[in-house]
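Student: Provided below for reference: sequence and predicted model.
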Amino acid sequence: MIRDQRSKIRDQRAALGYRVNCIAAVAGLTAVMFVVGCRQDMHNQPKIRSQRGSEFFADHRGARPQVMNSVARGQLHEDSYFYTGVVQGANGYREEKNEMPFPVTLDVLKRGQERFNIYCTPCHSRVGNGLGEIVQRGYKPAANYHDQVRLSQPISHYFYVMTNGYGAMPDYSAQLTPEDRWAVAAYIRALQLSQAAKPEDVPAGVHVRSLKEIAAQNGHQEYAEPWSLPATAIQAYPHDVKQGTPALAPANPADPKIKIPLSKPAAH
């Protein structure tokens with residue numbers, strides 16, 4: 001009996017010693033891992049930080065100069081006319097062209113109409129006569145696409161203005177991609193054609209109906225009445241018959257007269 005108890009005690013002591021050794025081994029390995037992970041090589045990594053010098057390069061500059069003639073991915077812009085709307089003329093100045101950089105399809109016109117209705121109609125209105133809703137709130141009348149000046153401008157002029165802004169109009173390069181700007185320019189051309197279309201421009205066999213007839217049939221005769229410029233608008237120019245009446249709307253003069261006071265004579 002005593003011998004069995006002694007043997008049992010020895011076995012318990014051996015098992016306890018084994019456990020202690022295992023715990024010590026695990027603790028030792030953990031300590032080694034922490035020591036290895038806290039080396040200064042991990043803290044002071046041999047990397048280049050912005051705006052700091054470097055002993056690795058001969059000029060001791062961390063920021064390296066760009067490789068000559070290198071272009072960032074997606075910024076090649078090889079077709080400059082597509083991205084700028086102008087070409088370099090023979091005299092060295094930029095010139096606008098009356099051509100699209102890609103074929104105009106019905107989908108392109110639909111896209112242009114959608115973008116035009118979102119970004120352009122508040123100032124230029126749905127028919128492009130420059131009497132948008134914002135004019136009724138005291139803003140300067142926008143350009144009328146149907147006057148002699150805008151009708152004679154090349155199509156890339158609209159792209160250029162949307163890209164860089166013009167006068168009171170800011171640029172829309174952030175809102176419209178280059179492709180969308182061209183689509184809007186194409187739709188402006190279609191809008192100009194629609195507002196100045198003649199019966200002979202319609203294909204043979206197509207019945208032509210007047211705006212007054214359509215408005216009366218739909219119970220909105222007021223849509224066919226002449227549109228007047230709100231009294232809240234500034235620079236309310238009188239209607240000029242020479243500029244036409246697109247969509248029965250009054251057109252702004254193409255070349256409004258601006259009176260400049262004479263300078264006073266210099267004091268002697």
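Tutor: Yep, it's here.

Student: so how far is the first residue of stretch 67-82 from its last?
Tutor: 26 Å (Cα to Cα, to the nearest Å).

Student: shouldn't Leu151 be in contact with Leu193?
Tutor: No - counting by Cβ atoms under 8 Å, Leu151 stays clear of Leu193, with 10.0 Å between them. C-beta here means a position set from N, CA and C on the backbone, and glycine is covered the same way.

Student: higher neighbour count, these two?
Tutor: Applying other Cβ atoms under 10 Å to Leu151 and Leu193 shows that Leu151 carries more neighbours, namely 15 against 10.

Student: Determine the number of other residues adjacent to the closest residue to that one other than its chain neighbours.
Tutor: Nearest non-adjacent residue to Leu151, counting by Cβ to Cβ, 6 or more residues apart in numbering: Gln192, 6.2 Å away. Look at Gln192: counted by other Cβ under 10 Å, it has 17 neighbours.

Student: Against which helices or strands is the helix or strand encompassing Gln192 packed?
Tutor: Per DSSP states H and E: Gln192 is located in helix 178-195. Other elements packing on helix 178-195 under the criterion 3 or more Cβ pairs under 8 Å, 6 or more residues apart in numbering; DSSP states H and E are helix 80-84, helix 106-119, helix 155-164.

Student: Just name the most buried of those helices.
Tutor: Per residue and on average, the most neighbours among the helices and strands packed on helix 178-195 fall to helix 155-164, with a mean of 22 (mean count of other Cβ atoms under 10 Å).

Student: Rounded mean pLDDT for the helix holding Gln192, please.
Tutor: Taken as a whole, helix 178-195 has an average pLDDT of 94.

Student: Excluding its own residues, what touches that helix? List them.
Tutor: 82-83, 85, 100-102, 104, 108-109, 111-113, 115-116, 119-120, 127-128, 145-146, 150-151, 155-156, 158-159, 162-163, 172-173, 176, 201, 246-247 (Cβ atoms under 8 Å, 6 or more residues apart in numbering).

Student: what does stretch 152-170 give?
Tutor: Contact with stretch 152-170 is made by 81, 84-86, 96-100, 123, 140, 142-143, 171-173, 176, 178, 181-182, 184-186, 188-189, as judged by Cβ under 8 Å, 6+ apart.

Student: mind running it again at 6 Å?
Tutor: Stretch 152-170 is contacted by residues 85, 96-98, 140, 171-173, 181-182, 185, 188-189 when judged by Cβ atoms under 6 Å, 6 or more residues apart in numbering.

Student: picking up where we left off before, could the helices and strands packed on helix 178-195 go into TSV alongside mean pLDDT and distance to Gln45?
Tutor: Below are the helices and strands packed on helix 178-195 laid out as TSV (pLDDT from 0 to 100; distance: least, Cβ to Cβ, whole Å):
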stretch	mean pLDDT	distance to Gln45
helix 80-84	93	41
helix 106-119	96	48
helix 155-164	95	44
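
Student: Make JSON lines out of these and add distance to Gly28.
Tutor: Shown next, in JSON lines, are these (distance: least, Cβ to Cβ, whole Å):
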{"stretch": "helix 80-84", "distance to Gly28": "65"}
{"stretch": "helix 106-119", "distance to Gly28": "69"}
{"stretch": "helix 155-164", "distance to Gly28": "69"}
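
Student: how far away is Ser194 from Trp182?
Tutor: Ser194 sits 19 Å away from Trp182 when distances are taken as Cβ to Cβ, to the nearest Å.

Student: Please disregard the earlier target; I meant Ala190.
Tutor: Taken as Cβ to Cβ, the span from Ala190 to Trp182 is 13 Å.

Student: do the same with Glu222
Tutor: Using Cβ to Cβ, Glu222 is found at 35 Å from Trp182.

Student: for Gly112, same thing?
Tutor: 8 Å.
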